[in-house]
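Colleague: just need the structure, nothing else, for what follows:
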Amino acid sequence: MRTEQLTAKALEKVDFDKYLLATAVGKRAEEISKGAKPLVEADTSVMKFTDIALQEIAEGKITVTLEG
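Modeller: Numbering: from 1, shown residues only. Reported below is the predicted structural model:
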(Lines give C-alpha, C1' and ligand atoms only; values in the text may rest on other atoms or scores of the structure.)
Protein backbone atom coordinates (compact mmCIF):
# COMPACT_ATOMS: atom_id res chain seq x y z
CA MET A 1 0.00 0.00 0.00
CA ARG A 2 1.30 3.45 -0.84
CA THR A 3 2.09 6.01 1.84
CA GLU A 4 -0.73 8.31 0.70
CA GLN A 5 -3.27 5.50 1.06
CA LEU A 6 -1.89 4.51 4.47
CA THR A 7 -2.02 8.11 5.64
CA ALA A 8 -5.63 8.51 4.51
CA LYS A 9 -6.64 5.29 6.26
CA ALA A 10 -4.73 6.24 9.43
CA LEU A 11 -6.32 9.70 9.47
CA GLU A 12 -9.75 8.07 9.54
CA LYS A 13 -8.70 6.20 12.71
CA VAL A 14 -7.90 9.49 14.51
CA ASP A 15 -10.95 11.48 13.33
CA PHE A 16 -8.81 13.32 10.76
CA ASP A 17 -6.65 14.98 13.44
CA LYS A 18 -3.32 15.44 11.64
CA TYR A 19 -1.51 16.64 14.75
CA LEU A 20 -2.65 13.63 16.76
CA LEU A 21 -1.61 11.28 13.97
CA ALA A 22 1.82 12.89 13.58
CA THR A 23 2.41 12.71 17.33
CA ALA A 24 1.32 9.07 17.52
CA VAL A 25 3.45 8.04 14.53
CA GLY A 26 6.49 9.80 16.00
CA LYS A 27 6.04 8.20 19.40
CA ARG A 28 5.50 4.71 17.99
CA ALA A 29 8.38 5.05 15.51
CA GLU A 30 10.67 5.92 18.41
CA GLU A 31 9.51 2.82 20.30
CA ILE A 32 10.25 0.64 17.27
CA SER A 33 13.68 2.25 16.82
CA LYS A 34 14.47 1.33 20.42
CA GLY A 35 13.61 -2.32 19.84
CA ALA A 36 9.83 -2.64 20.15
CA LYS A 37 8.49 -5.42 17.94
CA PRO A 38 6.37 -4.16 15.02
CA LEU A 39 2.73 -5.24 15.20
CA VAL A 40 2.59 -5.68 11.43
CA GLU A 41 4.77 -7.72 9.11
CA ALA A 42 7.65 -5.40 8.34
CA ASP A 43 11.35 -5.59 7.60
CA THR A 44 12.92 -2.94 9.83
CA SER A 45 16.13 -3.07 7.80
CA VAL A 46 14.23 -1.86 4.74
CA MET A 47 11.16 0.05 5.96
CA LYS A 48 11.31 3.35 7.79
CA PHE A 49 10.09 3.21 11.38
CA THR A 50 7.56 5.95 10.63
CA ASP A 51 6.08 3.92 7.78
CA ILE A 52 5.76 0.89 10.06
CA ALA A 53 4.05 3.00 12.74
CA LEU A 54 1.70 4.52 10.16
CA GLN A 55 0.78 1.05 8.90
CA GLU A 56 0.09 -0.16 12.45
CA ILE A 57 -2.30 2.73 13.03
CA ALA A 58 -3.97 2.37 9.62
CA GLU A 59 -4.59 -1.33 10.24
CA GLY A 60 -6.02 -0.65 13.69
CA LYS A 61 -3.21 -2.50 15.52
CA ILE A 62 -2.70 0.61 17.67
CA THR A 63 -5.48 2.74 19.07
CA VAL A 64 -4.68 6.43 19.28
CA THR A 65 -6.43 8.56 21.88
CA LEU A 66 -6.02 12.07 23.21
CA GLU A 67 -4.54 12.26 26.67
CA GLY A 68 -6.25 14.86 28.79
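Colleague: make it CA atoms for all contacts and neighbour counts henceforth
Modeller: Noted.
Colleague: what's the helix ranked longest in the chain in contact with?
Modeller: The residue-count maximum for a helix in the chain (DSSP state H) belongs to helix 18-33. Counting by CA atoms under 8 Å, 6 or more residues apart in numbering, helix 18-33 makes contact with 10, 11, 14, 38, 49, 50, 52, 53, 54, 57, 64, 66, all of which sit outside it.
Colleague: cutoff 6 Å now
Modeller: Outside helix 18-33, the residues within contact range by CA atoms under 6 Å, 6 or more residues apart in numbering are 49, 50, 53, 54.
Colleague: those into CSV, with extra columns for neighbour count?
Modeller: Rendered in CSV, the data for those read as follows (neighbours: other CA atoms under 10 Å):
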residue, neighbour count
49, 22
50, 19
53, 26
54, 26
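Colleague: now, these that are in helices?
Modeller: Counting by DSSP H, the contacts of helix 18-33 place 49, 50, 53, 54 in helices.
Colleague: before we move on, back to that, so for the longest helix of the chain, mean pLDDT?
Modeller: Averaging pLDDT along helix 18-33 gives 96.
Colleague: which parts of it are buried?
Modeller: Counting neighbours by 16 or more other CA atoms under 10 Å, one finds that the buried residues in helix 18-33 are 20, 21, 24, 25, 26, 28, 29, 32.
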